[in-house]
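S.K.: structure of the sequence below:
(chains A and B)
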Protein chains: 2
Amino acid sequence: MVNEQPKRTDIGTLGEFGLIDRVTQNFPSYHKSTVMGVGDDAAVIQAGEEQLVVTSDMLLEGIHFDLAYVPLEHLGYKSVAVNVSDIAAMNAVPKQITVNLAISNRFSVEAVEALYRGIRYACDSYKVDLVGGDTTSSASGLVISVTAMGTADAELITRRNTAQKNDIVCVTGDLGGAYLGLQVLAREKEVFLSNPNQQPELDKYNYVVKRQLRPEARMDLVYELRDQQVVPTAMIDISDGLASEIFHLSKQSGVGFRIYEENLPIDQQTYETAVEFHLSPITCALNGGEDFELLFTIRQGDYEKIKNQADIHSIGYAQSLDQGLQLATKAGQLVDIQAQGWSHFTSGEESS
Amino acid sequence: MVNEQPKRTDIGTLGEFGLIDRVTQNFPSYHKSTVMGVGDDAAVIQAGEEQLVVTSDMLLEGIHFDLAYVPLEHLGYKSVAVNVSDIAAMNAVPKQITVNLAISNRFSVEAVEALYRGIRYACDSYKVDLVGGDTTSSASGLVISVTAMGTADAELITRRNTAQKNDIVCVTGDLGGAYLGLQVLAREKEVFLSNPNQQPELDKYNYVVKRQLRPEARMDLVYELRDQQVVPTAMIDISDGLASEIFHLSKQSGVGFRIYEENLPIDQQTYETAVEFHLSPITCALNGGEDFELLFTIRQGDYEKIKNQADIHSIGYAQSLDQGLQLATKAGQLVDIQAQGWSHFTSGEESS
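M.R.: From the prediction side, this is the model:
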């Protein structure tokens, strides 16, 4: 009856990050308290002396998770952690969250309680207060939409567009594990479906499976950087893969990057699982999503302060934009880094 | 494989508002900036001198709207308006919103643009800045989750739990129209499905249809009350129907209410449409949802300041709790008001 469109452009044609840019252009700004809107890990709002950072992410059944192998408690935890990770990427301290939940009638009260138990664990772990949200029914799958708010002094907030040439590029933790955890879980699901009596063998994959099911926001390293009095020149969290995130930093800061393959942090179990799946561990580290580690740049003068921190790895440096995004391989070659992302459309999750 | 629950309690057994209460009980509060959490139209967070109010609502295709008769532009507008309405119910001024969107591949770029055009109109209308959000794909229907933030001085913020005995109860605008608009649209859809060549006849229902498709948050009356220097003693927006909302005010404030049937504001078209559908106009006014008018209580001494305001109607008064919730009919009888709500589970939308 309505909504017939004379012209029809496929969403895929706009590319992975084109849609949000296109539909939000020309939106006005009415309030001087709006310091920064669309385009970073979180929005920034002036709130008295401090600045408030706000981020919001939605997880959908069948797109972001499969309840066949994702325990609801872990899902609740993860839905908070991924939002806290965006707050961490702004170098801010998370304070409050709201949770919107849509569930179908097939869910029991106990199932919702399990989900909220996970949310509660995350609230305890990251010291955030659950302050609101609504619960409604869903005609199909489970949907969780979380909004997180945090605060920081203006001079501590780290954006994506402020990396400078010669800055050192750092990454926290290790990469590629969450992606391989997903491969393991998908394989075990297939085994289970073909033979329901066979128990899944997950013990030898415990690390990568945990990386997928119950990721942590790296608030510990935000606090560590504060202790060391290091303010990154730019920061982003790795939700769509290192290559995709470094592409954002490059595009928004107007610098190129050179990354050294030998410096990419890859856990032993991640490495072995990749080999077992006939995947390149380096490709998994570059393009595997959902590790929720932090990618940031620091001034060279700050390197001494973080070089002994076991969970922070310097992986390269910022160069001029015309030198592009390069991976220096162990064999000594320079190859261009492709930002494949880790997407949910044909190619197409847009994330803030 | 996982998520098997030893005990299974149907969600319906907890009643309409029991689920959120149950799963969020015992959540700790870590931050003194958390002034008020779950349980009102919006959360309240201290932000410098002012207080920040935050609310979040999710609209799902097949539950909250049917794209067969809801134009995307109106849907975009409504998704913002319903959240601004929660800010209005706190007597605060809306400032920023974030929008999370999940869409399936069947949506075109032009469809998403139409949706955002409506969001933009609402941003212009209510003077709010779009500051973030993410867009992802959906395996099934369209999902929109909006978070709205506003500010107010602490002494202006109106809660649900502060109505006092003898306060006058007021309602803005008129009631029942949005519910009857939905009935009209649903009937026209049936007509269209059985005979696609027949054009829908909506002209004589233009007011009630607009109430359903493109509701307004009553910020105009929030500003009017400020101009008159009236701070309501309690306030809530009418999303689930007057009876349901007055039940919330009663429960949370610990007072009863007497409402006069003859004072309930019902538009002529609403009245006539109700009669045509063999529905009681009074029942529609009491239990029809989605009018997004404001229900509030004021001190008797403030009555003079608002009595000439055409869009504010005094409909009764607060009495002691043991006198209950009563409707004084035109025939002079006192009948108990049942809080039926307007729900999306068997019975069961939980709203903040």
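
S.K.: drop to CA atoms for contacts and neighbour counts, all remaining ones
M.R.: Will do.

S.K.: what's near enough to touch the most centrally placed residue in chain A?
M.R.: Closest to where the C-alpha atoms of chain A average out (C-alpha atoms, centre = their mean) is A:S239, at 2.3 Å. Counting by C-alpha atoms under 8 Å, 6 or more residues apart in numbering or on different chains, A:S239 touches A:E245, A:G289, A:E290, A:D291, A:F292, A:E293.

S.K.: do that again at 7 Å, thanks
M.R.: Residues near A:S239 by C-alpha atoms under 7 Å, 6 or more residues apart in numbering or on different chains: A:G289, A:E290, A:D291, A:F292.

S.K.: and what of A:G176?
M.R.: Contacts of A:G176 (C-alpha under 7 Å, 6+ apart): A:I266, A:T270, A:C284, A:A285, A:G288, A:D291.

S.K.: ok, the residues you listed vs A:G18, which is closest?
M.R.: Closest to A:G18 out of these is A:G288 (21.2 Å), distances taken as C-alpha to C-alpha.

S.K.: what's the burial count for the closest one?
M.R.: 27 (other C-alpha atoms under 10 Å in any protein chain shown).

S.K.: run through the residues that contact it.
M.R.: Applying C-alpha under 7 Å, 6+ apart to A:G288 gives the contacts A:G176, A:Y179, A:D240, A:G241, A:W342.

S.K.: now render the residues you listed as a markdown table, adding distance to B:Q212, secondary structure and pLDDT.
M.R.: What follows is the contacts of A:G288, written out as a markdown table (distance: C-alpha to C-alpha, whole Å; DSSP: H, G, I helix; E, B strand; the rest coil; pLDDT from 0 to 100):
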| residue | distance to B:Q212 | secondary structure | pLDDT |
| --- | --- | --- | --- |
| A:G176 | 48 | coil | 98 |
| A:Y179 | 44 | helix | 97 |
| A:D240 | 39 | coil | 92 |
| A:G241 | 43 | coil | 95 |
| A:W342 | 39 | coil | 39 |
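
S.K.: output the below-cut-off pLDDT ranges for the stretch 251-352 of chain A.
M.R.: A:339-352 (pLDDT under 70).

S.K.: hey, where'd the helices end up in it?
M.R.: In the stretch 251-352 of chain A, the segments counted as helices under DSSP state H, counting those that start in this stretch are A:268-276, A:281-287, A:303-306.

S.K.: ditto for the stretch 1-150 of chain A
M.R.: Going by DSSP H, counting those that start in this stretch, the stretch 1-150 of chain A shows helices at A:18-24, A:72-89, A:109-126.

S.K.: would you agree A:L249 is in contact with A:T158?
M.R.: No: A:L249 is beyond contact range of A:T158, at 11.6 Å (criterion: C-alpha atoms under 7 Å).

S.K.: need the pLDDT of A:P196.
M.R.: You'll see A:P196 listed with a pLDDT of 82.

S.K.: I meant to write A:T9 there.
M.R.: pLDDT for A:T9: 84.

S.K.: over to A:N26?
M.R.: So A:N26 comes in at 81 (pLDDT).

S.K.: cool, and A:G62?
M.R.: pLDDT, A:G62: 92.

S.K.: just A:P6 next, same as before
M.R.: For A:P6, the model assigns a pLDDT of 64.

S.K.: counting neighbours, what do you get for the residue of the stretch 101-250 of chain A found nearest chain B?
M.R.: The stretch 101-250 of chain A approaches chain B most closely through A:V131 (3.8 Å), counting by C-alpha to the nearest C-alpha. Counted by other C-alpha under 10 Å, the residues lying close to A:V131 total 27.

S.K.: next one: A:V171
M.R.: A:V171 sits with 25 neighbouring residues when counted by other C-alpha under 10 Å.

S.K.: specify the beta-bridge partners of it.
M.R.: A:L295, A:H313 (DSSP bridges).

S.K.: my read: it touches A:I312, true?
M.R.: Yes: applying C-alpha under 7 Å, one finds A:V171 in contact with A:I312, separated by 5.8 Å.

S.K.: follow-up on the earlier one: now the contacts of A:S239 in TSV, with distance to chain B and neighbour count?
M.R.: Listed next are the contacts of A:S239 as TSV, based on distance: C-alpha to the nearest C-alpha, whole Å; neighbours: other C-alpha atoms under 10 Å in any protein chain shown:
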residue	distance to chain B	neighbour count
A:G289	15	28
A:E290	15	24
A:D291	18	28
A:F292	16	32
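
S.K.: domains for chain A, by residue range?
M.R.: As recorded under automatic domain parsing, the domains making up chain A are A:40-156, A:168-336.

S.K.: tell me which of the ones you listed lies nearest to B:G39.
M.R.: Closest approach to B:G39 among the domains of chain A is made by domain A:40-156 (7.4 Å; C-alpha to C-alpha).

S.K.: now do the same end-to-end measure for the closest one.
M.R.: Domain A:40-156 has an end-to-end distance of 15 Å (C-alpha to C-alpha, to the nearest Å).

S.K.: circling back to that earlier point, right, so the domains of chain A: which one is the most enclosed?
M.R.: Burial of the domains of chain A is given as mean neighbour count (mean count of other C-alpha atoms under 10 Å in any protein chain shown); domain A:40-156 ranks first at a mean of 23.

S.K.: so how far is that domain from its chain's centroid?
M.R.: Counting by C-alpha atoms, centre = their mean, to the nearest Å, domain A:40-156 is centred 13 Å from the centre of its parent chain.

S.K.: what's next to stretch A:219-226, contact-wise?
M.R.: The contact list for stretch A:219-226, computed with C-alpha under 7 Å, 6+ apart, reads A:A88, A:N91, A:V231.

S.K.: which ones are touching A:A88?
M.R.: A:R218, A:M219, A:V222.

S.K.: how near is it to B:V131?
M.R.: Computed as C-alpha to C-alpha, the A:A88 to B:V131 distance reads 18 Å.

S.K.: any idea which of the helices of the stretch 251-352 of chain A gets closest to chain B?
M.R.: Of all those, it is helix A:281-287 that lies closest to chain B, at 18.4 Å by C-alpha to the nearest C-alpha.

S.K.: so who does the nearest residue to A:D237 once chain neighbours are set aside touch?
M.R.: Leaving aside its chain neighbours, A:D237 sits nearest to A:L294 (4.5 Å; criterion: C-alpha to C-alpha, 6 or more residues apart in numbering or on different chains). For A:L294, the contact set (C-alpha under 7 Å, 6+ apart) comprises A:A89, A:V171, A:T172, A:R218, A:M235, A:I236, A:D237, A:I238.
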